[in-house]
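>>> Fold the following, please.
(3 chains)
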Amino acid sequence: MPELPEVETVCRGLDKAITRKTLARLELRRKGLRFPFPRGLAQRCAQQRITAIRRRAKYILIHLASGDVLIAHLGMSGRMVIVDRDEKHTPEKHDHVIFHLMDGSCVVFNDARRFGVLDIAAEKDLAQSRHFAHLGPEPLDTDFSPAYLTQKLADKKTAIKIAIMDQAVVVGVGNIYAAEALFEAKIDPTRAASTLKPAEIKKLWAAIRHVLEKAIAAGGSSIRDYVQSDGELGYFQHQWAVYDKEGEKCRGCTCPLPKTGGIKRITQGGRSTFYCAARQK
DNA sequence: AGTGTCGCCTGAATGC
DNA sequence: TGCATTCAGGCGACAC
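Numbers count the residues shown, from 1 in each chain, chains lettered A, B, ... in the order given. This is a model prediction of the structure:
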């Protein structure tokens, strides 16, 4: 379930592994993922030097010397795997795209559920592209501020958890970090967004940034060069406070468990929400 | 315009 | 044991 920290960690791993290298060819092993691959995708990548790896929201951006940018999204189940020696790699099930590099290594994009994306656009058109045009600010940038969040949440009737997962409000916050941030801020995820008081908005703003920064740091520190021993990028052990912990104690729990029943699980927008009803108000 | 629901897709977990 | 059903979820499409 890659959210912003996982994607950031994948980007850092890719940066170490392939920036300044040259793509020999892009091997497309099917016609598309969530969307059909654009016409001419492979041709636009062939023999192109990779100048930089960046991230916008949950998208991986692979900048090419031509001025084109490869746009990759991992969706739900997408993984990037670095293989040192191309000839050692036998494509497995769901290895849909392989980036073959001139130095004999390759990067494998595997995505069982095919919710992922691979697209290409000229760098100058990136901000206006269909993937990015509607996106809100990066949560770790200065334009994401308590004042900004206050303005975006005003008059919103939707639940606060749904609101912070809205990419037009702020990008990168998925189901897991939304739950974790609301727990840290001690806010009930079902509250209408517009009912949050200024002090609560400030706490939530800080919590969103804090849980994301902590997770990025964990990804960086737990894995050498962001690459696991099997070459996979970006995933690491997490210690959730509430996510996927239905019925358990929350982090730092002093709640009377027999009475509260522990962490609750409800459904919002068709998605599971985990929270501590005793501590989140 | 804002808000809510659906469906894409497959593997793991669960149910009978 | 094995088959069927449910669930996971990012996010675009669509309905209201």
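>>> Quick one: name the residues of the stretch 1-150 of chain A near DNA strand B.
Residues of the stretch 1-150 of chain A lying close to DNA strand B (CB under 7 Å from any atom of the strand) are A:34, A:76, A:93-94, A:112-115. (Glycine included, C-beta is placed from N, CA and C.)
>>> Name the single longest helix found in chain A.
helix A:198-222 (DSSP state H).
>>> which helices and strands does it pack with?
With contacts taken as 3 or more CB pairs under 8 Å, 6 or more residues apart in numbering; DSSP states H and E, helix A:198-222 sits against helix A:4-18, helix A:146-153, helix A:160-165, helix A:175-184.
>>> Format the ones you listed as TSV; extra columns: mean neighbour count.
TSV is the format used below for the helices and strands packed on helix A:198-222 (neighbours: other CB atoms under 10 Å):
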stretch	mean neighbour count
helix A:4-18	23
helix A:146-153	17
helix A:160-165	24
helix A:175-184	25
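>>> Format the ones you listed as CSV; extra columns: distance to DNA strand C.
Shown next, in CSV, are the helices and strands packed on helix A:198-222 (distance: least, CB to the nearest atom of the strand, whole Å):
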stretch, distance to DNA strand C
helix A:4-18, 9
helix A:146-153, 17
helix A:160-165, 6
helix A:175-184, 4
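>>> For those, give me CSV that also has distance to residue A:58 and mean pLDDT.
Shown next, in CSV, are the helices and strands packed on helix A:198-222 (distance: least, CB to CB, whole Å; pLDDT from 0 to 100):
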stretch, distance to residue A:58, mean pLDDT
helix A:4-18, 5, 91
helix A:146-153, 19, 94
helix A:160-165, 12, 93
helix A:175-184, 11, 92
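>>> For the ones you listed, give me CSV that also has distance to residue A:103.
Below are these laid out as CSV (distance: least, CB to CB, whole Å):
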stretch, distance to residue A:103
helix A:4-18, 9
helix A:146-153, 44
helix A:160-165, 40
helix A:175-184, 36
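>>> Select, out of those helices, the one closest to residue A:125.
Closest approach to residue A:125 among the helices and strands packed on helix A:198-222 is made by helix A:4-18 (20.7 Å; CB to CB).
>>> Domains in chain A, by residue range?
As assigned by automatic domain parsing, chain A contains the domains A:4-128, A:146-275.
>>> of all these, which lies closest to residue A:139?
Closest among the domains of chain A, using CB to CB: domain A:146-275, at 5.1 Å.
>>> close to DNA strand C, is the longest helix of chain A?
No - with CB under 7 Å from any atom of the strand as the criterion, DNA strand C is not reached by helix A:198-222; the gap is at least 13.1 Å.
>>> buried ones in that helix?
A:200-205, A:207-209, A:211-212, A:214-216, A:218-220 (16 or more other CB atoms under 10 Å).
>>> List of residues touching that helix?
Among residues not part of helix A:198-222, those counted as contacts by CB atoms under 8 Å, 6 or more residues apart in numbering are A:4-6, A:8-9, A:12, A:139-140, A:144-146, A:149-150, A:153, A:160, A:164, A:170, A:172-173, A:177, A:180-182, A:184-187, A:196, A:226, A:234, A:236-238.
>>> residue ranges of the strands in the stretch 51-200 of chain A, please?
Along the stretch 51-200 of chain A, counting by DSSP state E, counting those that start in this stretch, strands occupy A:59-64, A:68-73, A:78-83, A:95-101, A:106-111, A:117-122.
>>> Out of those, which is closest to residue A:274?
So among those, strand A:78-83 is nearest, using CB to CB, at 23.6 Å.
>>> Against residue A:243, how distant is residue A:99?
Using CB to CB, to the nearest Å, residue A:99 is found at 32 Å from residue A:243.
>>> who has more neighbours, those two?
residue A:99 (25 against 22; other CB atoms under 10 Å).
>>> Hmm, the more buried one is touching residue A:118, no?
No - in terms of CB atoms under 8 Å, residue A:99 does not count as a neighbour of residue A:118; the distance is 10.1 Å.
>>> can you list the residues of the stretch 1-150 of chain A near DNA strand C?
Near DNA strand C, when you scan the stretch 1-150 of chain A using CB under 7 Å from any atom of the strand, you find A:1, A:3, A:34, A:57-59, A:73, A:75-77, A:113, A:115, A:131, A:134.
>>> hmm, back to that, any residues in contact with both of residue A:99 and residue A:118?
residue A:109.
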